[in-house]
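S.K.: Structure for this input, please:
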Amino acid sequence: MTQEPDQLPAPKAGPAAAAGSARTASKTAGSKQAPRPRAGVPVWRTGKPDAVLAAAVDLARSAVETIAPAEQIGGHIGARSEGDRLVTHLFESRLPGYLGWQWYAVLTRNSRSKTVTVDELGLLPSEDSILAPAWVPWAERVRPEDAQADEPLDDEASAEDETDDASAEDETAGTSGQDTTGDDTTGKAPTGKPERSADEAD
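M.R.: Numbers count the residues shown, from 1 in each chain. This next block holds a predicted model:
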């Protein structure tokens with residue numbers, strides 16, 4: 001009895017074919033797990049600070065003393081890595097009015113060099129710092145509750161203006177109602193007595 005073509009067993013793969021498939025599978029798995037970095041893209045190692053830069057605490061303090069008096073610089077808080085051979089040293093600030101702020105000095109060095117260079121100095125706020133409120137544009141400063149609070153003041157001002165107008169009208173009416181028939185236009189002061197003729201005087 002012969003087997004039909006679709007029922008024949010598949011031929012066994014040889015050792016060369018098995019090795020080739022294994023290499024293909026390993027290449028595929030390796031390409032998915034560890035992609036190669038692209039050329040020109042720097043890889044930063046921000047985990048552990050550079051040992052040489054982290055040990056240069058005195059140099060960092062001396063650099064900060066060039067922008068602030070020594071009595072305004074407190075203890076060393078720590079050093080953190082900012083990149084490859086780039087470390088920031090933080091010092092407590094004792095500057096009046098800057099509670100919670102920190103002096104900082106950024107240090108770096110060239111590859112295979114022990115010479116430490118100061119890159120940047122300054123003062124930075126921390127989570128406990130007292131900061132000014134965020135700036136609000138003028139168009140957004142007037143809120144609905146502010147407008148409602150100003151309305152009674154406008155009513156009082158209009159009421160005062162009406163009172164002043166009424167007082168001015170009363171004064172004008174009183175002045176126009178006075179008798180002006182006794183005014184002397186000759187320049188002589190009135191005596192209150194009738195004038196006598198020349199015959200009566202004799």
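S.K.: Quick check: bridge partners of residue 87?
M.R.: Counting by DSSP bridges, residue 87 forms beta bridges with residue 81, residue 107.
S.K.: In contact with it: list those residues for me.
M.R.: 49, 50, 53, 54, 79, 80, 81, 106, 107, 108 (Cβ atoms under 8 Å, 6 or more residues apart in numbering). Just so you know, the C-beta spots here come from the backbone N, C-alpha and C atoms, and that holds for glycine as well.
S.K.: Please identify which pair of those residues lies farthest apart.
M.R.: Distance extremes for those: the farthest pair is 80 and 108 at 13.5 Å, using Cβ to Cβ.
S.K.: how close does the nearest residue to residue 86 once chain neighbours are set aside sit to residue 56?
M.R.: Nearest non-adjacent residue to residue 86, counting by Cβ to Cβ, 6 or more residues apart in numbering: residue 108, 5.0 Å away. Distance from residue 108 to residue 56, counting by Cβ to Cβ, to the nearest Å: 10 Å.
S.K.: Need the overlap of contacts for these two.
M.R.: Shared contacts of residue 108 and residue 56, defined by Cβ under 8 Å, 6+ apart, are found at residue 116.
S.K.: and those two? which has more neighbours close in?
M.R.: Neighbour comparison, residue 108 and residue 56: the larger count goes to residue 56, with 21 against 18 (by other Cβ atoms under 10 Å).
S.K.: The more buried one contacts residue 106, correct?
M.R.: No - with contact defined as Cβ atoms under 8 Å, residue 56 does not count as touching residue 106 (11.4 Å).
S.K.: shared neighbours, these two?
M.R.: Any residue near both residue 56 and residue 106 by Cβ under 8 Å, 6+ apart counts here, and that gives residue 89.
S.K.: Mind jotting down where the helices sit in the chain?
M.R.: Using DSSP state H, the helices of the chain run over residues 15-33, 51-54, 57-64, 138-141, 144-176, 198-201.
S.K.: about what we covered before: for the residue nearest to residue 86, give me its contacts.
M.R.: Applying Cβ under 8 Å, 6+ apart to residue 108 gives the contacts 53, 85, 86, 87, 116, 117, 119.
S.K.: Look up how far residue 91 lies from residue 131.
M.R.: Remark: distance between residue 131 and residue 91 (Cβ to Cβ) = 19 Å.
S.K.: er, residue 139 I mean
M.R.: Taken as Cβ to Cβ, the span from residue 139 to residue 91 is 41 Å.
S.K.: same check, this time on residue 79
M.R.: Per Cβ to Cβ, residue 79 is found 11 Å from residue 91.
S.K.: the more surrounded of those two?
M.R.: Using other Cβ under 10 Å as the criterion, residue 79 and residue 91 rank with residue 91 on top: 23 against 20.
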